[in-house]
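>>> Coordinates only, no sequence provided:
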């Protein structure tokens with residue numbers, strides 16, 4: 001990640017910024033948040049501020065995280081600065097320490113609540129008139145950089161994806177008709193941890209039969225049964241990176257109507273994977289799958305986007321959907337996950353993560369999936 005500071009500074013220069021202030025919305029030791037702070041500095045703690053100037057980089061943390069920041073951020077060129085007391089006290093000291101008096105500081109707005117932004121402005125207004133920097137908001141600088149993955153990120157993503165793949169295959173091999181959706185979800189979490197994952201990247205979706213018509217169904221204490229679609233949407237978290245995988249499976253054989261739906265979704269996903277390419281807009285990529293599904297008479301049953309970026313968060317840029325304004329580029333990692341959801345009957349979704357390389361998509365997910373002949 002040694003070139004990230006250079007890329008951040010280049011983006012700052014385009015906006016004529018003297019500094020970028022990257023924070024986090026909450027101090028929640030149980031949550032994962034401020035992936036922008038993590039991406040820019042390597043610091044994975046739950047509270048702190050990253051300040052990048054044209055020639056300096058600082059991680060400002062309280063006493064709980066000084067040693068951690070030293071281990072995680074100092075090797076990447078960051079100075080560790082200890083905060084003390086209330087924001088109104090230490091923010092002015094930090095800005096003076098970074099030689100930002102009278103200069104232009106922008107915040108990474110996605111990481112900050114309105115309340116925190118107002119607190120920052122009040123802290124700056126407490127500085128002497130001649131020392132106050134100008135504080136405003138920046139464009140999504142870090143989010144734009146995160147859309148394209150470097151080799152280290154790809155390796156971290158592949159580890160998380162492989163753990164998720166193996167967890168799914170382990171649980172699928174042990175499926176029994178009497179298992180409940182909730183039991184399947186619990187088994188997936190255990191498998192992820194047994195295989196070396198840190199936990200779930202999101203709450204697992206398990207939905208059988210008509211319940212699978214809900215794209216984001218919550219697992220129930222209801223048996224998965226036989227002869228009906230079982231949609232499993234799951235993800236592993238490993239080393240801060242996320243996987244995202246959906247498979248539609250079945251115990252026994254699907255009824256003819258659901259088999260036909262599975263074949264349509266399978267074809268739509270294959271078409272999108274084979275034809276998506278750099279330079280394509282997110283809405284054009286979505287159409288690669290949507291047009292196949294619409295031609296089969298199920299356009300109204302595919303209501304979500306084709307995919308989304310995956311990385312430090314399970315949902316990040318780019319977005320592939322009919323309202324997307326993104327343009328796909330080499331190095332971008334995203335899901336391809338078409339689906340058909342018919343109320344009262346059931347649903348099918350198939351999802352893989354791909355990376356754009358050498359002008360085409362390379363599939364990173366390798367968990368077993370049913371072929372049309374196998375449903």
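Here it is on my side, so go on. What you see is a predicted model, and the numbers here were worked out from it, not measured in a lab. Numbers count the residues shown, from 1 in each chain.
>>> Which residue, other than its chain neighbours, is closest to residue 209?
residue 228 (4.0 Å; Cβ to Cβ, 6 or more residues apart in numbering). Glycine gets a C-beta too; all of them are placed from N, C-alpha and C.
>>> who touches that neighbour in this structure?
Residue 228 sits next to 208-209, 212, 250, 254-255, 258, 346 when contact means Cβ atoms under 8 Å, 6 or more residues apart in numbering.
>>> 10 Å instead, please
The contact partners of residue 228, by Cβ atoms under 10 Å, 6 or more residues apart in numbering, come to 177, 208-212, 250-252, 254-255, 258, 345-346.
>>> Could you do residue 216 as well?
With the criterion set at Cβ under 10 Å, 6+ apart, residue 216 makes contact with 202-203, 205, 207, 233, 304.
>>> go with 8 Å
The neighbourhood of residue 216, defined by Cβ under 8 Å, 6+ apart, consists of 205, 233.
>>> Name the next helix or strand following the lowest-mean-pLDDT helix or strand in the chain along the chain.
Sorting the helices and strands of the chain by mean pLDDT, DSSP states H and E puts helix 114-125 at the bottom, at a mean of 91. Following helix 114-125 in sequence order, the next helix or strand is strand 134-137 (DSSP states H and E).
>>> What pairs with that next one, parallel or antiparallel?
Applying DSSP bridges, strand 134-137 is found paired with strand 104-107 (parallel).
>>> follow-up on the earlier one: going by neighbour count, which residues of the least confident helix or strand of the chain are buried?
By neighbour count with 16 or more other Cβ atoms under 10 Å, helix 114-125 contains the buried residues 116-117, 119-120, 123-124.
>>> sorry, back to before: sort out for me which of the contacts of residue 228 are in helices.
Residues from these lying in helices, with DSSP state H as the criterion: residue 258.
>>> now the strands: where do they sit in the stretch 251-375 of the chain?
Taking DSSP state E, counting those that start in this stretch as the test, the strands found in the stretch 251-375 of the chain are 307-309, 316-320, 333-336, 339-342, 346-349, 352-357, 360-363.
>>> The stretch 101-250 of the chain too?
Ranges of strands in the stretch 101-250 of the chain, per DSSP E, counting those that start in this stretch, are 104-107, 134-137, 199-200, 205-208, 230-234, 236-238, 241-242, 245-249.
>>> what number of residues lie near the closest residue to residue 225 other than its chain neighbours?
Excluding the flanking residues, the one nearest residue 225 by Cβ to Cβ, 6+ apart is residue 177, at 5.4 Å. Residue 177 sits with 13 neighbouring residues when counted by other Cβ atoms under 10 Å.
>>> Tell me the backbone dihedrals of residue 177, please.
phi -60, psi -30 (degrees, to the nearest 10).
>>> what sits against it?
If you count contacts by Cβ under 8 Å, 6+ apart, then residue 177 has 223-226, 251 around it.
>>> count of neighbours near residue 132?
Using other Cβ under 10 Å, residue 132 has 18 neighbouring residues.
>>> what's the pLDDT at it?
At residue 132, the model reports a pLDDT of 93.
>>> quick one on the thing from earlier: nearest to residue 323 among the buried residues of helix 114-125?
The shortest approach to residue 323 among those belongs to residue 117, at 27.4 Å (Cβ to Cβ).
>>> Just the buried subset of the contacts of residue 177, please.
Buried among these (16+ other Cβ under 10 Å): 224, 251.
>>> I'd like the distance from stretch 116-132 to the chain centre, please.
33 Å (Cα atoms, centre = their mean, to the nearest Å).
>>> Any stretches of the protein with poor pLDDT?
The chain contains residues with pLDDT under 70 at 1-2, 25-33.
>>> Can you give me the domain assignment for it?
4-146, 151-374 (automatic domain parsing).
>>> before we move on, the earlier item: out of the contacts of residue 177, which one sits closest to residue 36?
For the contacts of residue 177, the minimum distance to residue 36 (Cβ to Cβ) is 39.1 Å, reached by residue 224.
>>> quick one: contacts for that closest one?
Residue 224 sits next to 175, 177, 179-181, 184, 206, 208, 230, 251 when contact means Cβ under 8 Å, 6+ apart.
>>> which of the residues you listed count as buried?
Counted by 16+ other Cβ under 10 Å, those give 175, 179-181, 184, 206, 208, 230, 251 as buried.
>>> Would you mind measuring the gap between the ends of stretch 361-368?
19 Å (Cα to Cα, to the nearest Å).
>>> if we can go back for a sec, tell me the most buried of the domains of the chain?
Mean neighbour count (mean count of other Cβ atoms under 10 Å) peaks for domain 151-374 among the domains of the chain, with a mean of 19.
>>> ends of that one, how far apart?
Criterion Cα to Cα; first-to-last residue distance in domain 151-374 is 36 Å.
>>> Equivalent analysis for stretch 350-370, please.
Span of stretch 350-370 from end to end, Cα to Cα: 10 Å.
>>> and that stretch, how far from the chain's centre?
Counting by Cα atoms, centre = their mean, stretch 350-370 comes out at 16 Å from the chain centroid.
>>> Next, the angle strand 352-357 makes with the top helix by length along the chain.
Across the chain, the longest stretch assigned as helix under DSSP H is helix 151-173. Going by axes from the mean of the first three to the mean of the last three Cα atoms, to 10 degrees, helix 151-173 is angled at 160 degrees with respect to strand 352-357.
>>> Against residue 252, how distant is the residue nearest to residue 225?
According to Cβ to Cβ, to the nearest Å, residue 177 stands 8 Å off from residue 252.
>>> Name the nearest of the contacts of residue 177 relative to residue 47.
Distances from residue 47 to the contacts of residue 177, taken by Cβ to Cβ, are shortest for residue 224, at 41.7 Å.
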